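[1] The following block contains a protein sequence and its predicted model.
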Amino acid sequence: QVQLVESGGGLVQAGDSLRLSCAVSGRIFLNSAMGWFRQAPGKEREFVAAIFWSGGSTYYTDSVKGRFTISRDTAKNTVHLQMNSLKPEDTAAYYCAATGSPWRRLPVVPEDYDYWGQGTQVTVSS
């Protein structure tokens, strides 16, 4: 069993930065995928970024490329999402997710992830 706990959300102004963290406990395979998703009110949950627990490959949705960076710290069992140049359209609840088995590629749909955190709210004012 894997537990994920997000932190770091808040209310910021457009152009500001935030760093989200996801504390991971339980068994994670080296090639498990760790993802960040977000969900705004009335919208479907959407993929933001993903990384293998072992590091290496990352993948981002187009709207955050060049602004967000996903990373992991295996020594601290934590996955981070550094968010720079935030925009009002980034406002959403952000969720950390993990696959329960190794993957060869980074999955981008919520159904491919087995474990989820409770979410942390990010609100960007204009």
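    Nice, thanks for sending it over.
[2] hang on, residue 106 packs against residue 34?
    No - taking contacts as CB atoms under 8 Å, residue 106 lies outside contact range of residue 34: 9.0 Å. Quick note: C-beta positions are derived from backbone N, CA and C, even for glycine.
[3] anything in contact with each of these two?
    Common contact partners of residue 106 and residue 34 (CB atoms under 8 Å, 6 or more residues apart in numbering): 50-52.
[4] Among the residues you listed, which one lies nearest to residue 21?
    residue 51 (13.6 Å; CB to CB).
[5] Looking at residue 106 and residue 34, which is more packed in?
    Remark: of residue 106 and residue 34, residue 34 carries more neighbours, 26 against 21, as counted by other CB atoms under 10 Å.
[6] returning to that earlier point: out of the shared contacts of residue 106 and residue 34, who's nearest residue 93?
    Nearest member of the shared contacts of residue 106 and residue 34 to residue 93, counting by CB to CB, is residue 50, at 17.6 Å.
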